[in-house]
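**Q** Predicted model, plus sequence, below.
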Amino acid sequence: MSTDNESFAAATRAPREMLRQWWLGLARRERRLLIAGATLVAVALLWWVVLAPPLRTLQRAPTQIDAAETQLQLMQRLATEARELRGVTPVPADQAGNVLKAATARLGDKARLAVQGDRAVLTVAGVSSVALRDWLAEARSGARARTIEANLSRGSTGLTGTVVVGMGAGS
């Protein structure tokens, strides 16, 4: 091991001596400029590699914490709602169909309902988003139906498309 260190020292002695001679051969002003430039490069590297990334993280942290808290509150609200819905007794299929038909009748001629077994398809043309939201709320609470699929597009007259809901225990 000591021979490795000795051979390394011997191998680097000549280049170090050349560098030392070069350094001593520089004028005092040139040495100061080189030291100032090396210091500037070192400070820039220190900033970009060591200081800037943690400072960026500290700046973004409050926003990310707020977003995470909002998402947590939403997830807790959804979990509570899921627990409540699990405890609700299902509505018989004929009663659920009647609730959906009554809710659809309130939408007028802009909506058509087709009940097929444990699913119902609502087709809308020009319905307002508020009216559709109310229909979905009534379908959920009165018929215990849940949305399976929705294909809607917004136009100048309102929403157009279809909403498929599942009814009963199978949904």
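**A** Nice, I can see it.

**Q** Next SSE downstream of the lowest-mean-pLDDT helix or strand in the chain?
**A** Within the chain, judged by mean pLDDT, DSSP states H and E, the helix or strand with the poorest mean is helix 2-25; its value is a mean of 82. Tracing the chain C-terminally past helix 2-25 and defining elements by DSSP states H and E, one meets helix 28-45 next.

**Q** that older thread, state the separation between the least confident helix or strand of the chain and the centre of the chain it belongs to.
**A** Averaged C-alpha coordinates place helix 2-25 at 57 Å from its chain's average position (C-alpha atoms, centre = their mean, to the nearest Å).

**Q** List the buried residues of it.
**A** Within helix 2-25, no residue qualifies as buried by neighbour count (16 or more other C-beta atoms under 10 Å). In this view, the C-beta of every residue, glycine as well, is placed from N, C-alpha and C.

**Q** which residues sit against that helix?
**A** Applying C-beta atoms under 8 Å, 6 or more residues apart in numbering, the external contacts of helix 2-25 come out as R31.

**Q** and that helix with helix 28-45, angle?
**A** Note on geometry: by axes from the mean of the first three to the mean of the last three C-alpha atoms, to 10 degrees, helix 2-25 and helix 28-45 are set 120 degrees apart in direction.

**Q** OK, contacts around T157?
**A** Taking C-beta under 8 Å, 6+ apart as the criterion, T157 is in contact with A125, G126.

**Q** how far away is it from V91?
**A** 33 Å (C-beta to C-beta, to the nearest Å).

**Q** Please apply the same query to L26.
**A** Using C-beta to C-beta, one obtains 92 Å as the distance from L26 to V91.

**Q** Among those two, which residue is more densely surrounded?
**A** Comparing L26 with V91 by neighbour count (other C-beta atoms under 10 Å), the higher total belongs to V91, at 18 against 12.

**Q** so where is the protein shaky, pLDDT-wise?
**A** Within the chain, the segments meeting pLDDT under 70 span 1-3, 168-171.

**Q** Please enumerate the strands of this protein.
**A** 111-116, 119-127, 146-155, 158-166 (DSSP state E).

**Q** Identify whichever of those lies nearest to A68.
**A** With C-beta to C-beta as the measure, strand 146-155 is the member of these nearest A68 (26.9 Å).

**Q** That closest one vs strand 119-127, what angle?
**A** Between the direction of strand 146-155 and that of strand 119-127, the angle (the same axes, to 10 degrees) works out to 20 degrees.

**Q** returning to what we had before: with mean neighbour count and distance to L58 added, can I get the strands of the chain in CSV?
**A** Formatted as CSV, the entries for the strands of the chain read as follows, by neighbours: other C-beta atoms under 10 Å; distance: least, C-beta to C-beta, whole Å:
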stretch, mean neighbour count, distance to L58
strand 111-116, 15, 52
strand 119-127, 19, 48
strand 146-155, 12, 41
strand 158-166, 18, 44
